[in-house]
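A predicted structure for the sequence below; I have some questions about it.
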Amino acid sequence: MNVSRRGFLKISGAVVATSGLGISLKPIAAHAQPLKIKYAKETTTVCPYCSVGCSIIVSVRDGKVVNTEGDPDSPINRGSLCSKGGSIYQMAVNENRLGKPLYRAPFATAWKEVEWEWALDKIAKNVKKSRDISFKKTNANGEVVNRTEGIASVGSAAMDLEECFTYQKFLRGLGLVYIEHQARI
Amino acid sequence: MTNHWNDFKNSDVILIMGSNPASNHPVAFKWIQEAIDKRGAKLICVDPRFTQSAAKAHLYAPLRSGTDIAFLGGMIKFILDKNLIHHEYVVSYTNASFLVNPAFKMPGENKGVFSGLVSGKYEKDTWSYQTDAEGVIKKDKTLQDPNCVFQLMKKHYSRYNTKLVSRITGTPEDKLLEVYKIYGSTGKPDKAGVELYAMGWTQHTVGVQNIRTMCIIQLLLGNMGIAGGGVAAMRGESNVQGSTDHGLLFHIWPGYLGAPTASLKTLKDFNEKRTPKTKEKDSLNWWKNTPKYSASFLRSMYGTNLTIDDAYQIMPKLDDGGNYSWLTIFDQMYKGKFTGFFAWGMNPACSGAHSNKTRQAMTKLDWMVNVNLFDNETGSFWRGPGMDPTKIKTEVFMLPAASSIEKEGSIANSSRLMQWRYKAINPVGQSKPDGDIMSELYFKVRDLYAAQGGPLAEAITKLTWPYGKKVGHEFHYEPRTVAKEINGYFLEDKKLENPTKKGEFKEFKKGDLVPTFAWLQADGSTSSGCWVYCGSVSEKANLAMRRVSKDNSNIGLYSEWAWCWPINRRIIYNGASVDTQGNPWDPKRAVIKWDGEKWTGDVPDGVGNPGSGRPPFIMKPDGVASLYGPGLVDGPFSEHYEPMECPVEKNIMSPQKNNPVIKRFDASGVGSDMDVYSGVASCDPRFPFIGTTYRVSEHWQTGVLTRWCPWLAEMQPGMFVEMSQELAKERGIVNGDKCIVKSARGEVEATAIVTPRFKPFNIDGNTIHEVGIPWHYGWITTADRKYEPNDKKPEVHTFGDAANILTSTIGDANTMIPESKAFMVNVAKKGVK
């Protein structure tokens, strides 16, 4: 059945206020939104894109995101969002999200799906090997430097503050000095 | 940002230069519009292209990419010539009166460079201040001494006359004067002007000096610290302020503590060398607290597993003068110096300048870990254009990360505002929060070192990691616990005198959260991951979760909406918003106010009681803001230099064409065979047009997330090259033609967008064209690449590869941020030579 939006609202009984001149759009607009998020659990988030920091309300029903919209309480965006912020629904509801760790062996021509445990075990061994062969206790002047010269890291402004702190702890604990991220470019 | 987004509404004049907020920070424009609608504010936009922001402006002035210092230098001259400065502010709150070493020479009298240039580096002896017998800086508060900062500045910028500036920038003289006049009007104590910049200013070989020139203007006009004022660095990522705060850069530990170098052998050496000292008697010199922050940070790394001295010892050190930044990383990688590489939440194959070099560099690795939400050009580099996987040894792990609504934690926006995000749904598929991934990886590495040993194994095994718990094989990271670690807590029972109230004591128990960074200790009795965030979590609440949307100020501070660093101060340097007696320069827009007993309004910054004589810029050792900035590597004042790749033979200002202290990767023994620049010594007819990069509203960064979102991909489906009608005519290109844009380093295909938004520049009598390309694209989401059966296939394909294929490996002299905003290209219709 091909039903237009207005037709759908009629069928669903949402249109109650009509006038002699036609349908008043006001009650429809007011009603359409609650309909969408009925029985949904709401949480707030902050947009992951630019640095304005707009608040967004995420509505979830049965573990699925059913709606995202600007948060009117935020003094920064007062409910507004731009095209990107308005689309974060698609970041969660997106068939193309990576769902499993992927592995590409040396000289392989394709990805292979692997288990987390296997991937992390192998990465940990790689980290140890690279660190052990490149760890320098002293530099050319004989000064103590305690650093791992054979591993570099870039990222990540895309993480939360807590994760950024933890990530730098992990990297500096490993002895890395080649630590950079988005702020440099 | 010194101020915050809502504060734009308090401005009288808003200058958009080096940014395009209407496209790239669209919601912020709400507050710009409010200033226009409610205050009658004037909006000025200066940009090579007539942008969406320009379309909203009262005044638009074009300028050639890479000539901002000339443009702004002319404004400094105008402001000084017409005496538009806020005199009392300049005398009391800046170093205008400081006397400089008479041996100091400036570019106008020294062949285009400052004194002290020795083999591509400045020796700064002549940049020093004159001091008296006690070491106190000599001053002339009348600003008349020929060696005082004010007179030197006047002399230096006197060379930037409007005629000359116009010849360099291509901005018509009348437009220059109009901009100068309107912006210069904010020097009155009851007027406020703000400047909004982004990558348009940073991505240049003179990036830092671009911003410094504006800071000089803001200080001359008394616009720093006041409502509606400031310099707004509009960040491009939701948490890039926060990731910088937390030290994810080679040169800083969390909280902007400079990373230690090898010559600083002990924590004592580090503290002695890195703690600024001053002889200025009224200066608070806040960085004198450095030892408290370094000790507390070391505790957050190793807790009490090591003494703070041993923790310092064990931490990695840089070589003195060593550079480990982005361009160096990919240069070293290309030369095979790394075996391992993490690209965590980042897509360097598209985001780094000179993508071809970056992508080739990855083929030299033994292994790479790429953590992201979608397949991307970095993780899949081995199967990208021109790559033969059967010849590439790199082992690659692509780990799926949870999105921002699938976990909880906080982020800091451009105005240092820390806002909490809640988990809405479980992570998609088997993806995990980044915190879980790194924790599990840490435990595996730690276990390997615990079992097998290795060089300095205790650096890893003794790290503290009390951030959650293990359930089966999986570690569940708890961001709320980490937030407390970042804030900081006491490691032992302690009775301390209140740092702000003499004679008042407070008792703390081991484990108590530290109330603010003023209470942190240098003896190892406190731990704090990042001192600037100390105060964000109290015993009662995580303040980033606050949601009081009512404003108790009349200037839109919204002090109880979330929390911002430092100590919830919404406008930094606000001590400069009042005169030396504590009276707001503009009572109608008071940021702080003395009520007879205490300050009210925003959290005051730096001010003592009214009349105390304390200068308000407490993060500077001498307490005042720097019109003269000897801390930078490329000069205490800004000077116009041409971009590395440029369309002019000579620098019209001086015999020195480029910034004399930039690191050239094309020099022998520095970079590699791939580091080539065009048009350096003289113009290169193969690449006659200026190229620049920018963003569109619908995509974010390399498009690593947004290209996979069909609504967005549909709205902005692919790479384009925007050019003037004049250039299109000259090249026989019509709107919609497929074109090839080429630089000395590579080429990209793009759809021609022919608009009047670009106009040819008249540069010293020559017609110069500039073209622009967006940088959001990459081959992974295109239709014409090969898709394996298991590959994710976008619902809406995009078109074109990365703009950074064209950009070069030349960086700013201070920061090494690549010059992606001004480089030379050719544009031709596809198939036409």
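Structure's in. What do you need? What you see is a predicted model, and the numbers here were worked out from it, not measured in a lab.

contacting residues around the residue in chain A that chain B sits nearest to?
Scanning chain A for proximity to chain B using Cβ to the nearest Cβ identifies residue A:99 as nearest, at 2.6 Å. Yep, even glycine has a C-beta here, placed from its N, CA and C like the rest. With contacts taken as Cβ atoms under 8 Å, 6 or more residues apart in numbering or on different chains, residue A:99 has the following neighbours: B:400, B:428-431.

So for residue 79, what's the pLDDT?
By default, I'm working from chain A. At residue A:79, the predicted lDDT confidence score is 97.

hmm, I had chain B in mind actually
In this prediction residue B:79 is given a pLDDT of 98.

Just to be sure, it is in a strand?
No. The assignment for residue B:79, made by DSSP: H, G, I helix; E, B strand; the rest coil, is helix rather than a strand.

what about the closest residue to chain A within chain B, how many residues close to it?
With Cβ to the nearest Cβ as the measure, the residue in chain B that lies nearest chain A is residue B:429; the distance is 2.6 Å. Other residues near residue B:429 come to 12 when the count uses other Cβ atoms under 10 Å in any protein chain shown.

Excluding chain neighbours, what is closest to it?
By the measure of Cβ to Cβ, 6 or more residues apart in numbering or on different chains, the closest residue to residue B:429 outside its immediate chain neighbours is residue A:99, 2.6 Å from it.

With residue B:795 instead?
residue B:710 (4.1 Å).

So which residue is smack in the middle of chain A?
Centrality entry for chain A: nearest residue to the mean C-alpha point is residue A:48, 6.2 Å, by Cα atoms, centre = their mean.

Cross-check the contact I'm expecting between that one and residue B:373.
No. Applying Cβ atoms under 8 Å as the test, residue A:48 and residue B:373 come out as separate, 9.8 Å apart.

for chain A, what are the nearby residues on the stretch 451-600 of chain B?
Applying Cβ under 8 Å from any Cβ of the partner chain, we find that the stretch 451-600 of chain B lies next to chain A at B:452, B:454-456, B:459-460, B:463, B:467, B:473, B:477, B:479, B:482-483, B:485-486, B:529-530, B:533, B:547, B:549, B:551, B:556, B:558, B:561.

Buried members of these into PyMOL, please.
Buried members of those, defined by 16 or more other Cβ atoms under 10 Å in any protein chain shown, are picked up in PyMOL with:
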select buried, chain B and resi 454+455+456+459+460+463+467+477+479+482+483+485+486+529+530+533+549+556+558+561
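
Looking at the residues of the stretch 451-600 of chain B next to chain A, which are in helices?
Within these, residues falling in helices by DSSP state H are B:452, B:459-460, B:479, B:482-483, B:485-486.

how about those residues, which pair is most distant?
Checked with Cβ to Cβ, those reach their widest spread between B:452 and B:483, with 34.0 Å between them.

any weak-confidence spans in chain A?
Segments of chain A classed as low confidence (criterion: pLDDT under 70) are A:1-36.

what do you get if the cut-off is 50, keeping everything else the same?
For chain A, residues meeting the criterion pLDDT under 50 lie at A:1-25, A:27-30.

From residue A:178, how far off is the residue nearest to the centre of chain A?
The gap separating residue A:48 from residue A:178 is 26 Å, by Cβ to Cβ, to the nearest Å.

what's the answer for residue B:398, then?
Where residue A:178 is concerned, residue B:398 sits at a distance of 21 Å (Cβ to Cβ).

OK, contacts around residue 90?
By default, I'm working from chain A. Contact partners of residue A:90, counting by Cβ under 8 Å, 6+ apart, are B:709-712.

The intended chain is chain B.
B:96, B:143, B:150, B:219-220, B:222, B:627.

the helices in chain A, which residues?
According to DSSP H, chain A carries its helices in the segments A:5-11, A:25-37, A:89-92, A:116-134, A:161-174.

mind listing what's buried in the longest one?
When burial is assessed from 16+ other Cβ under 10 Å, helix A:116-134 yields the following buried residues: A:116, A:119-120, A:122-124, A:126-132, A:134.

follow-up on the earlier one: with pLDDT added, can I get the ones in helices among the residues of the stretch 451-600 of chain B next to chain A in CSV?
Formatted as CSV, the entries for those read as follows, by pLDDT from 0 to 100:
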residue, pLDDT
B:452, 98
B:459, 98
B:460, 98
B:479, 98
B:482, 98
B:483, 98
B:485, 98
B:486, 98
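
wait, which of these is closest to residue B:161?
residue B:486 (50.7 Å).

follow-up on the earlier one: and chain B, which of the buried residues of helix A:116-134 contact it?
Counting by Cβ under 8 Å from any Cβ, the subset of the buried residues of helix A:116-134 that neighbours chain B consists of A:116, A:119-120, A:122-124, A:126-132, A:134.

related to what we said a few turns ago, between all of the buried residues of helix A:116-134, which two are separated the most?
Using Cβ to Cβ for every pair in the buried residues of helix A:116-134, the one that comes out farthest apart is A:116 and A:134, at 26.6 Å.

Spell out which parts of the stretch 651-800 of chain B neighbour chain A.
Among all residues of the stretch 651-800 of chain B, those adjacent to chain A (criterion: Cβ under 8 Å from any Cβ) are B:697-701, B:705-706, B:708-712, B:715, B:788, B:790-795.

Any quick PyMOL command for the buried ones out of those?
Selecting just the buried residues from these in PyMOL takes one command, with 16+ other Cβ under 10 Å as the test:
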select buried, chain B and resi 697+698+699+700+701+705+706+708+709+710+711+712+715+792+794
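
before we move on, the earlier item: now restrict the contacts of residue A:99 to buried residues only.
Among those, the ones that count as buried (16+ other Cβ under 10 Å) are B:400, B:428, B:431.

Of these, which belong to strands?
Among the buried ones among the contacts of residue A:99, the ones falling in strands (DSSP state E) are residue B:400.

Quick one: the buried ones among the contacts of residue A:99 as JSON lines, columns for pLDDT and distance to residue B:313 too.
Converted to JSON lines, these look like this (pLDDT from 0 to 100; distance: Cβ to Cβ, whole Å):
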{"residue": "B:400", "pLDDT": "98", "distance to residue B:313": "38"}
{"residue": "B:428", "pLDDT": "96", "distance to residue B:313": "43"}
{"residue": "B:431", "pLDDT": "98", "distance to residue B:313": "39"}
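
Let me see the contact set for residue 147.
Here I'm looking at chain A. With contact set as Cβ under 8 Å, 6+ apart, residue A:147 has these partners: A:135-136, A:175-177, B:316-317.

Can you look at chain B instead?
Under the contact definition (Cβ under 8 Å, 6+ apart), the residues listed for residue B:147 are B:99-102, B:104, B:130.
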